[in-house]
Every structure is written in C-alpha cells, then in structure tokens.
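J.: just a sequence and a predicted model for now, questions to come.
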Amino acid sequence: MTAPSLILLGTGGTDPRVAGVSHELRAMLHAQRPELDVAVAFLDEGYPRCLQVAGKLAKRGVTEVVVVPLHLSDAHPRQPETAALIAQIRAAQPGLRVIAADPVGPEAQLLAVVDQRLRDALRARRADQLDGLVLSTEATTDVRSNALLARRARQWSSRHRLPCLVATGGTGPSVADAIRSLRAQGRRHIAVGSWFLTADEGFRRQATLAQAARAVAVAPPIGAAPEVASIILGRYVVSAMDLIDLDVVETPVRHLSVVGA
C-alpha cells in the first residue's frame, strides 16, 4: 500500500527567508525518509498555495494526503483557517482523501533548541550575566495552547533557576511588557528566547521591541531543526493511520440446523 503524501503547511511564503525554512524541512524529511512524498505549501499569500499542491498531487494519481501545519504555538489541530482549507481541498478534489494533522505545536523537546539558540546569541553578544528570561511566542488564542506555552516557560525557568515570562505577538503581553515586568522585580540582565519557526513579521516585531527594551540578547528562531522534523514525522504517522481503510468484510451468516432423532 502506498503511503499518503505529506504537505508541510507553512506561512509567510512571500518572504524567501521565511519560506526557505519549510523547504529545508522538506529536504531534511526526504533525507530521512526517501520513500515519503513530501511537498511544501503555504496558507497565506505565499506560493504555492495548498489547494494548488493538492491538485497537482491528485493529477499524479495520489489518493491520500496528510497536511501538517507548521505552527509552533498552536496545539489545536482544527484552527478555522486550516479547517476551511481542508474543506476547500475536499470540494475541489473529491477523489482525494485529505486530513489535517496536529500542528507541530509547543512540544517540550523544542525547549532544548530554544535554549541552544539563546546560548549562541549570548555568546555572540559576549553577555556573561543573566537574571531573567522571556519566552517570545507566536500569537495564539487557543486556551490549551496558551496553557502549554506557560508550562514551557515554567520548565525553562526551572531549568535555569531564573524567572521567565511568556510574551506573545497577539493580544497578550508583548516582549516589552514582559521585560518591564521583570525589571520591576529588580532584574537587569534579561534575555529573550524565541518560540518561532522562522524570522517572520511576528518574530521581527518582537525582536525589535526586545532590542528597544535593552534585552541583553535575542535568540534567533528555531528554524529547520532536527527536532522539528522529528515532530512532523510523528504527526504524519498518527494521521496516516487515520486514513487506513477499516472496511468491514461481511461474513456470511451460518444457519445451524437441528437434526432430529
């Protein structure tokens, strides 16, 4: 049985630096699983759009597709824009079975990547004092996602025995707000870790705020890390299992006859 194709669903496809991360992940996955058909598509104004990619796959004879959203902050698998996209694909390609996997999401193993990115940034800035942390994240309105991000901040805080606040790019506290809160606690050497996949507009906005607030260092995004590729494969496998046909084979009913004496 042919394995379902995998579509990596990213954002910010109009910026080559941002889109490049999705393509790097595709190359990484292809190297790990050469037999797996992996494509890249974008949710927003980027190219190629997911509907176009799905159409090309259908023309090639592909019958099953798993879409993995590359959101790092969202844990919910059915965000409105993703659900609407899947509905559009199903309407346009009725012969294509397509399912949206859980997003990459705020998985605990990504903390190690955030930590390493910040260590590199501190080393580059020659910063040797640190007494506060900010975890800068993509915007999310999902309650469960926010709770998981808060847990990651607590885990990071516990790891370094330093206070750590979450800053979001949406309606929550910004990086500048978080840094001000830490300064009010007497913290002076504050660094910012980045829970972003790419250096998209949201990341750049938060990084600018952090620099203006005199953060000692701002970590670059997570990028195409092996940990991200591993999570993507895990999401793919779970959803691919959901696509397996569980056809019930009807067994002929056997009628027992009673033989009289």
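T.: Here it is on my side, so go on. Owing to the predicted nature of the structure, the values given are computational and were not obtained by experimental measurement.
J.: confirm Gly193 sits in a helix?
T.: No: judged by DSSP: H, G, I helix; E, B strand; the rest coil, Gly193 forms no part of a helix; its state is strand.
J.: neighbours around the residue lying closest to Ala199 once chain neighbours are set aside, how many?
T.: Closest residue to Ala199 apart from its sequence neighbours, by C-beta to C-beta, 6 or more residues apart in numbering: Pro221 at 5.4 Å. Quick note: C-beta positions are derived from backbone N, CA and C, even for glycine. Pro221 has 24 neighbouring residues, counting by other C-beta atoms under 10 Å.
J.: name the SS class of Pro221, please.
T.: Recorded secondary structure, Pro221: coil (three-state DSSP).
J.: residue contacts, it?
T.: Val21, Arg117, Ser194, Phe196, Leu197, Thr198, Ala199, Phe203 (C-beta atoms under 8 Å, 6 or more residues apart in numbering).
J.: so how far is Asp37 from Phe196?
T.: Per C-beta to C-beta, to the nearest Å, Phe196 is found 28 Å from Asp37.
J.: look at the two and report which has more neighbours.
T.: Phe196 (25 against 16).
J.: now do the strands in the stretch 1-150 of the chain.
T.: Taking DSSP state E, counting those that start in this stretch, the strands of the stretch 1-150 of the chain run over residues 5-10, 38-42, 64-69, 97-100, 132-137.
J.: deepest of those strands, which one?
T.: strand 132-137 (a mean of 28; mean count of other C-beta atoms under 10 Å).
J.: how far does that one sit from the chain's center?
T.: On the basis of C-alpha atoms, centre = their mean, to the nearest Å, strand 132-137 sits 18 Å off its chain's mean C-alpha point.
J.: for stretch 38-46, same thing?
T.: Using C-alpha atoms, centre = their mean, the offset of stretch 38-46 from its chain centre is 14 Å.
J.: same question, stretch 92-102
T.: On C-alpha atoms, centre = their mean, the centre of stretch 92-102 falls 19 Å from that of its chain.
J.: could you tell me the end-to-end distance of that stretch?
T.: End-to-end distance for stretch 92-102: 23 Å, by C-alpha to C-alpha, to the nearest Å.
J.: Pro69 and Ile179: what is the separation?
T.: Taken as C-beta to C-beta, the span from Pro69 to Ile179 is 30 Å.
J.: same question, Thr168
T.: Counting by C-beta to C-beta, the gap from Thr168 to Ile179 is 14 Å.
J.: pLDDT below threshold where in the stretch 101-250 of the chain?
T.: For the stretch 101-250 of the chain, the stretches with pLDDT under 70 are 245-250.
J.: now with 80?
T.: In the predicted model, the stretch 101-250 of the chain carries pLDDT under 80 at residues 141, 169-172, 244-250.
J.: just checking, Val192 touches Ser174?
T.: No: using C-beta atoms under 8 Å, Val192 is not in contact with Ser174, being 11.1 Å away.
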